[in-house]
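Colleague: Below are the sequence and a predicted model; questions follow.
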Amino acid sequence: MRAAGTVLTPAACAAAYRDACELDLQAFKPGNVSIYAAGHDMTVADFRRSAEASAPPLADPALSLGERIFCAIEATRAAVGCNTNLGIVLLAAPLMLAAQTVRPRETLRAAVIRILAGTTRNDADWAFRAIALAQPGGLGQAEIQDVREPPTVTLRAAMELAAGRDLIARQYANGYAEVFDFAIPSYHTWLSRWGDEAWAAAAVFLRLLQRLPDSHIERKFGTRHTRMVAARMAELENALSAAASPAEAVASFQAVDSEFKANGINPGTTADLTVACVLAVKLGCAQAFANGTDDSVHPQCEGTKKP
């Protein structure tokens, strides 16, 4: 789709975000909360309330990047009282700001890279406050640029320091390379096969978790489960590939989901990256329609409304 340089309205960005969050719940991602099963003391309703609460601040053009992150987490805490979406918010905020401020002939990815390069210490201060408020599991304490202390560097620089131990920080450091270079092409591959957004998102999750150890799991367990988790994802991708339809693989997904949840394994960071992938696709579709140049062959763009 040729949508470079198309600025989106706050309403269009918020709609794309809510759609991506809902699709995350429709996708069967073993170990995570979905319409197939609750888990980790959270429900689908918690995540839906979180998406509704966090969408307005994330799309608010009056807020800076850091302010969007903090206000979205603050709204989420008020709505559900727990951390359901810190990773999603951290990844969504630059994507949505980029879509609202994209320059002529600039792609969404180039706009994201520009946004990240221009982050400030004030952005870092607001993001640090958001992380401390969300209280993610296994946060621990960093030797430098700990989120409980005022930052002395920009948000991008702070994320670069954490990139070796956290996949979300790594996206800030590498310009969302895993999202644009790996996740989105995988999404389109599976969408072309099944014509089903939820199963395309589930397949992205499987592939990401085989490729990259999940930060949330490793903060809790170290590398104890890394090989087993990757092996289970490979088994499920094989089952999905061999199936005549995704429904044939559901029983296999349910077995792994039960195994993961029984052992407290929650691949939350991988789920966050999956949401970022879908959000980037949705924003691209919205840009194409807003620009009047929809030449997409992908079903996820069907029915997209002009803002």
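Modeller: Nice, I can see it.
Colleague: Where does pLDDT dip in the chain?
Modeller: Applying pLDDT under 70 to the chain flags the ranges 1-4, 136-148, 293-307.
Colleague: could you redo the last one with a cut-off of 90?
Modeller: In the predicted model, the chain carries pLDDT under 90 at residues 1-6, 37-42, 82-83, 134-152, 287-307.
Colleague: Next, the most far-flung residue of it relative to its centre: secondary structure please.
Modeller: The C-alpha centroid of the chain is most remote from Ala244, which lies 28.7 Å away (Cα atoms, centre = their mean). Look at Ala244: counting by DSSP: H, G, I helix; E, B strand; the rest coil, its state is coil.
Colleague: Phi and psi next, for it.
Modeller: Comment: the main-chain dihedrals of Ala244 come out as phi -70, psi -30, following degrees, to the nearest 10.
Colleague: how much space between the closest residue to Lys261 other than its chain neighbours and Met233?
Modeller: By the measure of Cβ to Cβ, 6 or more residues apart in numbering, the closest residue to Lys261 outside its immediate chain neighbours is Gly39, 4.7 Å from it. C-beta here means a position set from N, CA and C on the backbone, and glycine is covered the same way. Computed as Cβ to Cβ, to the nearest Å, the Gly39 to Met233 distance reads 17 Å.
Colleague: Test my guess that Leu167 contacts Ser215.
Modeller: Yes. Counting by Cβ atoms under 8 Å, a contact exists between Leu167 and Ser215, whose distance comes to 4.8 Å.
Colleague: For the residue nearest to Lys261, list the residues it contacts.
Modeller: With contact set as Cβ atoms under 8 Å, 6 or more residues apart in numbering, Gly39 has these partners: Gly31, Asn32, Val33, Asp257, Lys261, Asn266.
Colleague: Scan these and report the most crowded one.
Modeller: Sorting the contacts of Gly39 by how many neighbours each has (other Cβ atoms under 10 Å) puts Gly31 first, at 29 neighbours.
Colleague: Chain neighbours aside, what residue packs nearest to that residue?
Modeller: By the measure of Cβ to Cβ, 6+ apart, the closest residue to Gly31 outside its immediate chain neighbours is Phe260, 3.6 Å from it.
Colleague: The one you found - how many residues pack around it?
Modeller: By other Cβ under 10 Å, the residues close to Phe260 number 23.
Colleague: That one: which element?
Modeller: When secondary structure is defined using DSSP states H and E, the element that contains Phe260 is helix 250-262.
Colleague: swap in Ala53?
Modeller: According to DSSP H and E, Ala53 maps onto helix 44-58.
Colleague: So which bits of the next helix or strand after that helix are buried?
Modeller: Stepping forward along the backbone from helix 44-58, the first helix or strand reached (DSSP H and E) is helix 65-80. Applying a neighbour-count criterion of 16 or more other Cβ atoms under 10 Å, one finds 65-77, 79-80 buried in helix 65-80.
Colleague: same deal with stretch 91-98?
Modeller: Of the residues in stretch 91-98, those buried by neighbour count under the rule 16+ other Cβ under 10 Å are Leu91, Ala92, Ala93, Pro94, Leu95, Met96, Leu97, Ala98.
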